[in-house]
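need the 3D shape of this:
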Amino acid sequence: MRRIVFRVDASSAIGIGHAARCLTLASYLRGEGAVVSFICRAHDGDLSGIIEKCGFVVHRLGHAASVHNGIAAKTSWLGSPVEVDARQSADVLADEGRPDWLIVDHYGVDAEWERVLRPAVKRLMVIDDLANRSHECDVLLDQNLVTGQDVRYLDKVPEHCRILLGPRFALLDRAYAELHGRVDPRQRDVRRVLVSFGGTDRSNLTARTVAALGSLSIPHMAIDVVVPMDERAAAAVRREASLLANVRVYSNLPTLAQLMAEADLAVGAAGATSWERLCLGLPSLVVTLADNQRPIAESLSQLKLITWLGHDFEVNDQILKDGLASAISAGVNQKQVEESLALVDGRGTERVCSILSATDGIFVRPAGRLDKELLLKWANDPVTRLNSFSSKPISKASHEEWFVKRLTCPAATRIYLAETEHGTPIGQTRFDLKDSIWEIDYSVAPDFRGRRLAVPMLNSALRRFAEDVITGRVRGVVKVDNLASLKVFRALGFESRVGDSKDVVWFERELITR
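Just a heads-up that it's a prediction; the model follows:
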């Protein structure tokens, strides 16, 4: 059983984003059977209690020291001298019995700290987005999209380090991946606005945005507001919201996914929430709240995927009001929505989890609207048609009608795409419910045939299907002359029996859950 430890902090100064994304990854890893715990220092506004409520053990390192002018930046972030934090963390790991992975997400940590911890763990992963210091690690993850990202870590990590870059590896909650391919197309008019600036809101932007929306006097537009964790900022939000009839106020939500799926426009910060909004194709007005958010906002603004209003205290009430008025008047840009959906698919946490789990490197996700043309191309491949029960080519019109119908009926059909860790599609697996048995159809992409990928691909699809469906019996129906597929189902432990025709073999087994 794998044991994984996170070293991460949250506070009113640091924010909650680091801890939140680690908690997302931890939940995925626990679902894969890992034993996960956290090392956190007690800061004002930390999330240790919330992490414990999620069922994880938290090893507390004691209260952070007061931060004085002139103190070293690393000590300021850590709340203690680097050598002290490293020694205390090493003591915790010694009690854990040399964990398989230590995952560090902390601006106060660099190679100096990591070298102390190296002997205490088997492997070490760093989550970063600054690229301003060296690291001693086996895997480095930077989920952001910034200029020059392909080279910014090359001289900052060991040669053997595996570098995971970009929003394909964004650590998003499972809800975003599930909604990505099913979110309803947005109409042109902005009918619902979501306002959320995260856990901290030093400039009172949430309340000011609500006030700006109220001043526009658009009676038929609904406003969803997520209050920050800071009580003073939350009280200001509630005061402004009480003045409007079309505002719904939320707090302590486990995820914003459903609110984002329902919204036509969002207003918020440029941190990790950027990838959540893009994953659901939600247009947004963005205010950067910290210097590390500026590169993200600059890149996304250049790609015309967001509207960047400016940085924190630079954004006054008039800028907020004018930005909102302009965005609402312009309406939803469908091209922007499509490009956002194409950039972030919400499967980043699964990809990272699979890498840490040392699996076969195949990642499975549910098919979405954007996969329609690729699946048609694969279906009409000559070899695929030859092995199918109907060899006739499939028309674009009939495929589109079939695909939309199947995609919107998960109780009867589940379609999954398999990808490499870098997002290259390698095949598909479909499960159709027929007479209380889920019948399997699969195909490997033409460019990937002959690489012995069918067994691991189908095995990964079966594991994911078991997570989604929980229980049931599965069946493969194979032509007797399709020797490759006969071997695949036998290798996966299916029992063969005579089918309803002498030309086919049926393979059946119970769905194996994990």
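
and the residue lying closest to Met221 once chain neighbours are set aside, how far is that from Asn246?
With Cβ to Cβ, 6 or more residues apart in numbering as the criterion, Met221 has its nearest non-adjacent residue at 6.0 Å, and that residue is Arg191. The way it works is simple: take the backbone N, C-alpha and C, and place the C-beta from them, glycine included. When distance is defined by Cβ to Cβ, to the nearest Å, Arg191 is 11 Å away from Asn246.

check Val225 too.
Using Cβ to Cβ, Val225 is found at 11 Å from Asn246.

what does Arg168 give?
Look at Arg168 and Asn246: by Cβ to Cβ, they are 37 Å apart.

for the two, indicate the residue with more neighbours.
For Arg168 and Asn246, the more surrounded residue by other Cβ atoms under 10 Å is Arg168, and the numbers stand at 21 against 15.

and what about the more buried one, helix, strand or coil?
helix (DSSP: H, G, I helix; E, B strand; the rest coil).

before we move on, what about Val505?
strand.

that one: what's it in contact with?
If a contact means Cβ atoms under 8 Å, 6 or more residues apart in numbering, then Val505 has Val477, Val478, Val480, Leu486, Ser496, Arg497, Val498, Gly499 as its contacts.

try it again at 10 Å.
Taking Cβ atoms under 10 Å, 6 or more residues apart in numbering as the definition of contact, the neighbours of Val505 are 476-480, 482, 485-486, 489-490, 494, 496-499.

and Pro6, that one's in a strand?
You called it Pro, but residue 6 is Phe. Yes: applying three-state DSSP, one finds Phe6 inside a strand.

from Val286, how far off is it?
From Phe6 over to Val286 (counting by Cβ to Cβ), the distance is 28 Å.

for this protein, longest strand please?
For the chain, the strand reaching the highest residue count under DSSP state E is reported as strand 425-434.

separation between the residue nearest to Met221 and Thr307?
18 Å.

what of Arg30?
Noted for Arg30: a distance of 38 Å to Thr307, by Cβ to Cβ.

equivalent analysis for Arg208, please.
Here the criterion is Cβ to Cβ. By it, Arg208 lies 17 Å from Thr307.

follow-up on the earlier one: just checking, what packs against the longest strand of the chain?
In this structure, strand 425-434 packs against strand 363-366, helix 372-379, strand 413-419, strand 437-444, helix 454-469, strand 473-479, with contacts taken as 3 or more Cβ pairs under 10 Å, 6 or more residues apart in numbering; DSSP states H and E.

how about these in a markdown table, adding mean pLDDT, distance to Val146 and mean neighbour count?
Rendered in a markdown table, the data for these read as follows (pLDDT from 0 to 100; distance: least, Cβ to Cβ, whole Å; neighbours: other Cβ atoms under 10 Å):
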| stretch | mean pLDDT | distance to Val146 | mean neighbour count |
| --- | --- | --- | --- |
| strand 363-366 | 85 | 24 | 23 |
| helix 372-379 | 92 | 28 | 16 |
| strand 413-419 | 93 | 23 | 23 |
| strand 437-444 | 94 | 35 | 20 |
| helix 454-469 | 88 | 31 | 20 |
| strand 473-479 | 92 | 43 | 19 |
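
as a markdown table, those with distance to Ala42 would be great.
Rendered in a markdown table, the data for those read as follows (distance: least, Cβ to Cβ, whole Å):
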| stretch | distance to Ala42 |
| --- | --- |
| strand 363-366 | 37 |
| helix 372-379 | 50 |
| strand 413-419 | 41 |
| strand 437-444 | 49 |
| helix 454-469 | 36 |
| strand 473-479 | 49 |
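
and the strands in the stretch 51-200 of the chain, which stretches?
With DSSP state E, counting those that start in this stretch, the ranges of strands along the stretch 51-200 of the chain come out as 57-63, 101-105, 123-127, 139-142, 162-165, 192-196.

likewise the stretch 251-400 of the chain?
Using DSSP E, counting those that start in this stretch, the strands of the stretch 251-400 of the chain run over residues 265-268, 284-288, 307-311, 363-366.
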